[in-house]
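**Q** Any chance you can model this:
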Amino acid sequence: MSRERAASGPIEVRTPRLRLVALDAELARLQVEDRPAFFQALDAQVEAAWPPVPGEDHKMVEMLEILARHPDEAGWRGWVFMMGWAPGQPDRAVGTGGFFGPPDATGEIEIAYAMCPSFREQGLATEAVGGLLDWAFTDPRVRTVRAVTQAHLYASRRVLEKSGFSETEDVGAGEDAIRYDLAREDRAA
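**A** This is a model prediction of the structure:
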């Protein structure tokens, strides 16, 4: 994995097959206001089915509002997962993910991710989560990463397990949600 930040561009992490790009305030604005310009800024082809989870446009607006108020939180919010498709051609946006904010007072952060349907079951989510974890754990404040998923989402649970997370508890009565944790010392082991 490599961690890069262009002199005036967004934070990027590279994994064997992916380029993970952290949203900054400008990318978040373009994603909400000018989708073709958003993909152009990412050097990616326009994805008609964006975002990966239908009906989540409101989350993109929330991301824009947060990053506009707190531009220093780039990297601790949304990321776009990009994959090279063909030599000399623009990348494909294959998923999104990121964190719900910087580490809290106990050093805990929460991670989430979603893949476009046509890019699922190829190990890309596991690779993206691994890249995000590698990036997050370079910050010494991060002690634990948590993830919450629904019990019936077996593929999502498997991504977390393959990424080193351990199931810790059910979350909320009747919500069918399960929490997973990954401590710094377990990631290093």
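
**Q** For the protein, just list every one of the strands.
**A** 2-5, 11-14, 18-22, 78-83, 92-99, 108-115, 144-150, 166-171, 177-183 (DSSP state E).

**Q** Out of the ones you listed, flag the one nearest Asp43.
**A** strand 78-83 (8.2 Å; Cβ to Cβ). C-beta coordinates here come from the backbone N, C-alpha and C atoms, glycine included.

**Q** Return the alpha-carbon coordinates of that closest one using CSV.
**A** C-alpha atoms of strand 78-83 as CSV (Å, rounded to 0.1, in the frame of the first residue of the first chain):
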residue,chain,number,x,y,z
GLY,A,78,-15.6,9.7,2.7
TRP,A,79,-13.4,7.9,0.2
VAL,A,80,-14.1,6.8,-3.4
PHE,A,81,-12.7,3.4,-4.5
MET,A,82,-11.3,3.5,-8.1
MET,A,83,-10.1,0.7,-10.2
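
**Q** Quick check: closest non-adjacent residue to the residue nearest in space to the middle of the chain.
**A** Nearest to the geometric centre of the chain sits Gly97, at 2.0 Å (Cα atoms, centre = their mean). Excluding its sequence neighbours, the residue lying closest to Gly97 (Cβ to Cβ, 6 or more residues apart in numbering) is Tyr113, at 3.3 Å.

**Q** any idea how far that neighbour is from Arg158?
**A** Distance, Tyr113 to Arg158, by Cβ to Cβ, to the nearest Å: 13 Å.

**Q** okay, these two: which has more neighbours?
**A** Using other Cβ atoms under 10 Å as the criterion, Tyr113 and Arg158 rank with Tyr113 on top: 23 against 12.

**Q** for the record, mean pLDDT for stretch 166-174?
**A** Stretch 166-174 carries an average pLDDT of 71.

**Q** Just checking, which helix or strand of this structure averages the lowest pLDDT?
**A** None of the helices or strands of the chain scores lower by mean pLDDT, DSSP states H and E than strand 2-5, at a mean of 46.
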